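**Student:** sequence first, then the predicted structure:
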Amino acid sequence: DGDKKMPSNPRLTEERRRRLESIGFEWKVKHKMKKYYDRQWDMMYEKLLEFRSKNGHCLVPKRYPPDVKLGTWVHTQRIQYRKMMQGTATAQVIEEGKSSEELYFRLTDDRRRRLE
């Protein structure tokens with residue numbers, strides 16, 4: 001029998017896959033999502049500049065009630081920075097076969113300099 005059966009996935013059934021594809025759902029969006037994340041990053045950076053202007057520093061708490069997203073974003077930037085400095089991101093690229101561009105789109109050198 002030459003038919004290869006796809007592995008069973010109880011969450012994404014063939015019927016659900018077809019429904020998603022019928023409305024134009026795209027499975028591979030790496031480059032398209034990068035543009036979205038770049039815009040999102042710039043928007044959060046602007047919020048950080050506003051915070052600094054009001055508070056005189058960039059020490060946004062992780063759980064910052066006035067803007068929870070800003071607190072989470074700042075925390076994530078610090079995590080990305082530590083990974084970059086420790087080289088764990090590079091090791092992950094090699095292990096997973098990802099390009100460095102794909103991994104570092106969140107915290108590029110330019111973005112890191114802007115945060116410093």
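**Tutor:** Arrived safely, thanks for sending.
**Student:** contacts only, for K62.
**Tutor:** Contacts for K62 were tallied using C-beta atoms under 8 Å, 6 or more residues apart in numbering; they are G71, T72, V74, H75. Heads up, the C-betas are built off the backbone N, CA and C, glycines and all.
**Student:** show me which of those residues are buried.
**Tutor:** G71, V74 (16 or more other C-beta atoms under 10 Å).
**Student:** now render the contacts of K62 as a markdown table, adding pLDDT.
**Tutor:** Output for the contacts of K62, formatted as a markdown table (pLDDT from 0 to 100):
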| residue | pLDDT |
| --- | --- |
| G71 | 95 |
| T72 | 94 |
| V74 | 93 |
| H75 | 93 |
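**Student:** need the contacts of K62 in CSV (columns: distance to K47 and secondary structure).
**Tutor:** Putting these into CSV (distance: C-beta to C-beta, whole Å; DSSP: H, G, I helix; E, B strand; the rest coil) gives the following:
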residue, distance to K47, secondary structure
G71, 10, helix
T72, 11, helix
V74, 9, helix
H75, 14, helix
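**Student:** perfect, that will be all.
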